[in-house]
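Visitor: coords please:
(chains A, B, C and D)
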There are 2 protein chains.
Amino acid sequence: MSESDPLQPSANRRPARLKDIAAATGVDTSVVSRILSGDAALSVRPETRRRVLDMAAHLSYRPNRAARALKTARTMAIGMIVPELDNVAYAIIAQGADRQASKSGYALLVATGSVRDRLAALEGRIDGLLVGVATSETLQVGEIGGDLPAILVNRREALGIPSVTVADEQGAALATAHLISLGHSRIGHIAGPQNADTGRRRMQGYHSELNTRGLEFIPELTAEASYDEAGGEMGASRLLALRPRPTALFVANVRAAIGAMAAARRHGLSIPRDISIVGFHDAPVAMYLDPPLTTVRMPLREMGGQAVESLLGLLDGRDVEDVCVTAPPELVVRASAAPPNA
Amino acid sequence: MSESDPLQPSANRRPARLKDIAAATGVDTSVVSRILSGDAALSVRPETRRRVLDMAAHLSYRPNRAARALKTARTMAIGMIVPELDNVAYAIIAQGADRQASKSGYALLVATGSVRDRLAALEGRIDGLLVGVATSETLQVGEIGGDLPAILVNRREALGIPSVTVADEQGAALATAHLISLGHSRIGHIAGPQNADTGRRRMQGYHSELNTRGLEFIPELTAEASYDEAGGEMGASRLLALRPRPTALFVANVRAAIGAMAAARRHGLSIPRDISIVGFHDAPVAMYLDPPLTTVRMPLREMGGQAVESLLGLLDGRDVEDVCVTAPPELVVRASAAPPNA
DNA sequence: CTGTTAGCGCTTTCAA
DNA sequence: TTGAAAGCGCTAACAG
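Guide: Numbering: from 1, shown residues only, chains lettered A, B, ... in the order given. Down below sits the predicted model:
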């Protein structure tokens, strides 16, 4: 009477262990283990294998993750730290990462906040880390993850940590080129934080495209801003107060672009008649703005997938290089940019 | 020469174990364990404690989570499944949950997607689950988490799983009352999916406020829509085609409200002159829309915190009731709602 | 005040 | 083709 029938699975009994399957089938736990984990090098009578498999299913056996992790020193999970949850860009990156991780049998655990804070919570639960914070708290190599293998996502820093990025310069150049083709020559740039790699690279792309097309880069036409509506609003307010006023604005982020549009309205400017605006990254909301926002779409999902691949490389002890996802940025033309009115 | 000095911590050596501290201090592992985990019932010479603590710090000891989890059968982590990452509401709920979890020494692990999919990844890594999917795939009690204690967040279902919600009816009533006070009597409602608890409860609040104020509930003035821009756009298009046209719209979600605003514009209607719009939930973007969107702010952070509290109650074996967070909804008046023009 | 001991559930070498 | 045995790092009951 000490135990109820161990062959009957039941909602509220302790989960089945390897040992239970062994007992129920008369096969040793070590063999059961090898059968269930699909050990190819194992030769076992087909009938034995069947019996074990059936019993495992019948008892709805789930391997105990803690025990396995203790034994193998692997958690089969990877962590990802992003600055904020409600950000389309990171949501898409995470999607790509998640899919790639699943493919390799890894779980992706997402956490928000600063690396320093979140690391404590994640430590010991993951085998490696994707660091997706774009604006840099200054990160020291050691500080980043103890000895946790890590990949920088969407940013590059001289930390000895491999990075995976997209072609921000190229994307920014594309946006700028669009504006130039439309006939604009006085084009402002609401840049992202310049302590962030992404902010710098987008600025760079803007700058070099201007030069390529024979236009002068004018620092005054440039405003550094945070990647949110408030930042875009402030940045645009400054640039729109300039005389002569820029006829177009390339904004380094969708949220900031929304802020910039608000600023334009407050200045009594009509978009795109008086001022053209192009955003960076695409988001569903862009299509529903007034006017719908022209943006450039970056291969973010691919970046997430590549980041996981790089990390798994690191875990396998391979050397991993910085990689820049090659899928080309794509201009999504909507209605917020038009030729300047002469 | 088999090992380098175990007293020197070094970047790339295997992490220190309890055993190492024991060896280095001449104190038994069991005592070290009790000292480091702050066992109150332990009496130990202050000097011994110091020595152990110092050595632990010196070797930068981090307890092995897998071993601890195996031993204690506790992971000290809780999971949260949300339908999508880029959603302010869930971002805020998660923030509240995270904070409360940390307070109790738990880590919060966030995953996106369907419960069924994500559960496999989370299983064995968490002690309990916060289920924050608002639109219901039909969920069976057993299906939800094996025997994992779970709390439903932001939705109520007859599943035998305790829920934590906010006063959606009250919030919806507040929005509706605002419109009525402004003088509107023909008020449409773009509702959320009616297979989702939140959608139903907001509809309910709209309905009953209408009745309370002596206004008739007219089903035709109601459109069911998904919680995104496209849904809001379509719902609003339908309602705005009605004759006589509603003079105001209460939209069950910010994203849908943005879509509704776009629809109004496409119909050549000016907001709020021709049509007033009130959204549900607040988001930074609301302030930067044209016109800035009036919304009702719900106590989402509190809901997240309460959800964790309820879950921890479950983990402690306590009985847990459904709870509705009492902090009152708050009307955030901006410019998208005004008196109807007679 | 401190140490001994057993064992959590699993994987893996080695032997039969 | 299968089994025995050891041990991952930790905690907790019990003994001294």
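
Visitor: And A:I21, how far from A:H58?
Guide: To A:H58, A:I21 is 9 Å away according to CB to CB, to the nearest Å. C-beta: built from backbone N, CA, C; applies to glycine.

Visitor: Same check on A:T295?
Guide: Counting by CB to CB, the gap from A:T295 to A:H58 is 54 Å.

Visitor: With neighbour numbers in mind, choose between these two.
Guide: Each of A:T295 and A:H58 has its neighbours counted (other CB atoms under 10 Å in any protein chain shown); A:T295 has more, 28 against 14.

Visitor: Tell me if I'm right that that one and A:A335 touch.
Guide: No - assessed by CB atoms under 8 Å, A:T295 is found out of contact with A:A335, at 11.6 Å.

Visitor: Can you tell me which residue is spatially central in chain A?
Guide: Central residue of chain A (CA atoms, centre = their mean): A:I93, 3.0 Å from the mean position.

Visitor: which residues does it contact?
Guide: Residues near A:I93 by CB atoms under 8 Å, 6 or more residues apart in numbering or on different chains: A:V82, A:G132, A:V153, A:N154, A:L300, A:R301, A:M303, A:G304, A:A307.

Visitor: Nearest residue to it in space, please, no chain neighbours.
Guide: In this structure, A:I93 finds its nearest non-sequential neighbour in A:G304, 4.0 Å apart by CB to CB, 6 or more residues apart in numbering or on different chains.

Visitor: before we move on, what about A:L210?
Guide: In space, and not counting its chain neighbours, A:L210 is closest to A:F217: 5.0 Å by CB to CB, 6+ apart.

Visitor: Could you look up the SS state of that neighbour?
Guide: coil (DSSP: H, G, I helix; E, B strand; the rest coil).

Visitor: backbone phi and psi for it, please?
Guide: Dihedral pair for A:F217: phi -90, psi 120, per degrees, to the nearest 10.

Visitor: Please tell me how far it sits from A:Y206.
Guide: From A:F217 over to A:Y206 the distance is 8 Å, taken as CB to CB.

Visitor: Likewise for A:A41?
Guide: Distance from A:A41 to A:Y206, counting by CB to CB: 57 Å.

Visitor: any chance you could map the strands in chain A?
Guide: A:77-82, A:107-112, A:128-131, A:150-153, A:163-166, A:187-191, A:222-224, A:248-251, A:276-280, A:294-297, A:323-325, A:330-332 (DSSP state E).

Visitor: Just say which of those strands is most tucked in.
Guide: strand A:248-251 (a mean of 31; mean count of other CB atoms under 10 Å in any protein chain shown).

Visitor: what residues go with each domain of chain A?
Guide: If you go by automatic domain parsing, the domain ranges for chain A are A:18-63, A:72-166+A:300-324, A:168-298.

Visitor: Show me how far the second one is from its chain's centre.
Guide: Okay, so that is domain A:72-166+A:300-324. Centroid separation between domain A:72-166+A:300-324 and its chain, computed with CA atoms, centre = their mean, to the nearest Å, is 8 Å.

Visitor: related to what we said a few turns ago, tell me the confidence at the residue nearest to the centre of chain A?
Guide: With respect to pLDDT, A:I93 has a value of 94.

Visitor: One more: the one 3 residues further on?
Guide: Per-residue confidence (pLDDT) for A:G96: 95.

Visitor: And for it, the neighbour number?
Guide: 21.

Visitor: go on, A:R17?
Guide: If you count neighbours by other CB under 10 Å, A:R17 ends up with 17.

Visitor: Now do it against B:R202, distance only.
Guide: 47 Å.

Visitor: go on, A:M76?
Guide: From A:M76 over to B:R202 (counting by CB to CB), the distance is 41 Å.

Visitor: Looking at those two, which one has more neighbours?
Guide: B:R202 (28 against 18).

Visitor: Not counting sequence-adjacent ones, nearest residue to that one?
Guide: In space, B:R202 is closest to B:A172, 4.2 Å off (CB to CB, 6+ apart).

Visitor: how much space between that neighbour and DNA strand D?
Guide: With distances taken as CB to the nearest atom of the strand, to the nearest Å, B:A172 is found 47 Å from DNA strand D.

Visitor: who's in contact with that residue?
Guide: With the criterion set at CB under 8 Å, 6+ apart, B:A172 makes contact with B:R201, B:R202, B:M203, B:Q204, B:G205, B:Y206, B:E209, B:F250, B:A252, B:F280, B:V296.

Visitor: so the fourth one sits right up against B:Q170, yeah?
Guide: Yep, that's B:Q204 we're talking about. No - counting by CB under 8 Å, B:Q204 stays clear of B:Q170, with 10.2 Å between them.

Visitor: Pick out whichever of those two has more residues nearby.
Guide: The residue with more neighbours, out of B:Q204 and B:Q170, is B:Q170; 19 against 15, by other CB under 10 Å.

Visitor: That one against B:P328, yeah?
Guide: Yes - shown here, B:Q170 and B:P328 form a contact pair, counting by CB under 8 Å, at 7.1 Å.

Visitor: Now do the shared contacts for those two.
Guide: In contact with both B:Q170 and B:P328: no residue, using CB under 8 Å, 6+ apart.

Visitor: Can you show me the CA trace of stretch A:33-40 as PDB?
Guide: Written as PDB, here are the backbone C-alpha positions of stretch A:33-40 (Å, rounded to 0.1, in the frame of the first residue of the first chain):
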ATOM      1  CA  SER A  33      18.600   6.300 -21.100                       C
ATOM      2  CA  ARG A  34      20.400   5.500 -24.300                       C
ATOM      3  CA  ILE A  35      17.300   4.400 -26.100                       C
ATOM      4  CA  LEU A  36      15.400   7.500 -25.100                       C
ATOM      5  CA  SER A  37      18.100   9.900 -26.000                       C
ATOM      6  CA  GLY A  38      18.400   8.200 -29.400                       C
ATOM      7  CA  ASP A  39      22.000   7.000 -29.000                       C
ATOM      8  CA  ALA A  40      22.900   5.900 -32.500                       C
END
